[in-house]
Structure formats: C-alpha cells, structure tokens
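Student: build me a model from this:
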Amino acid sequence: MNIDGKCHCGEITFRAEVNPDHVIVCHCSDCQALSGSPYRTVVPAVEGTFQIEKGNPKIYVKTIEDGVQRAQAFCPECGSPIYSAPVGEAAMQFIGIRVGLIKQKDQLKPNKQIWCRSSIGWVQDLSDVPRSETE
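Tutor: Residues are numbered from 1 along each chain as shown. Here you go, the predicted structure:
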C-alpha cells in the first residue's frame, strides 16, 4: 500500500510503501515519553521505499533497553514525531513511520501490540468514558 503524510505544520512531507497487516501498537515507556501518549502506533516502511519529499527532520538518538540505538526523527518546527530507525549500517532496514501523520491512517488498523508490560491499565478499555464528537 502506498502512503503519504506530513507533520502537523507541513514542513516535512514523506511517502512510502507499507504492508497494512504490519501495524503495531507499542506500549513501551520510551514510546510513551517520546509521543506524550499512552502508546504509539507504527507501521514499518517496506525497505527502500521511505522518502522524505520536503524538509529535514531533526534526529535524536535514543539507546533502548537492549542497548540498541534508535534514531528518532521529528519536525524541528512543530515537533511532530515522523519515524524511528536503527542507527548505523542497519539505518534503512526498519523505518517505523508514525501512523498519526499518514493521510491513509484510517486504513491502518493495528494487528499487534508490543511491550505490554509497560501498558497503562486504563488504555485497554475506554468504552465507559464519555465521548463527544467535538470539544
């Protein structure tokens, strides 16, 4: 599936090919802190297909629990997280694109959750929380 997206302010735009069957929800504490949310939804780009079309993301390198370094790319203007990727020789093998920025996000339903030991308890069931279509 071909996707395209942009950061909140539009400074960075991108394209990629993804497999909609590989959408992941990550509950790790790093994803919580880096997204400001209880979890992050990611879809990997098919290797070699991710392209930044406009702008230059800022890169922050984070060392994760197993000692591996991951580059966290975000817009230097609005702060939107764009993707994460390995550092060094494996840099383009797994680019995890942030689903919230993708125009076709409604077609990217998660099919796997990882790092559930860090999951916030109330995340799994929000059905009793009052809803509003607008603020």
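
Student: leaving out sequence neighbours, find the closest residue to residue 117.
Tutor: Among residues not flanking residue 117 along the chain, residue 27 sits closest, at 7.9 Å (CB to CB, 6 or more residues apart in numbering). The way it works is simple: take the backbone N, C-alpha and C, and place the C-beta from them, glycine included.

Student: run a quick neighbour tally on that neighbour.
Tutor: 19 (other CB atoms under 10 Å).

Student: do the same with the one 10 residues further on
Tutor: Taking other CB under 10 Å as the criterion, the count of residues near residue 37 is 13.

Student: any idea how far residue 127 is from the residue positioned nearest the centre of the chain?
Tutor: Central residue of the chain (CA atoms, centre = their mean): residue 98, 2.3 Å from the mean position. In this view, residue 98 and residue 127 are 25 Å apart by CB to CB, to the nearest Å.

Student: report the beta-bridge partners for the residue nearest to the centre of the chain.
Tutor: Taking DSSP bridges as the rule, residue 98 bridges to residue 42.

Student: which residues touch the helix or strand bottoming out on mean pLDDT in the chain?
Tutor: When the helices and strands of the chain are scored by mean pLDDT, DSSP states H and E, helix 29-35 comes last with a mean of 88. Residues outside helix 29-35 that contact it (CB atoms under 8 Å, 6 or more residues apart in numbering): 38, 39, 40, 62, 64, 65, 72, 81, 98, 115, 118, 120.
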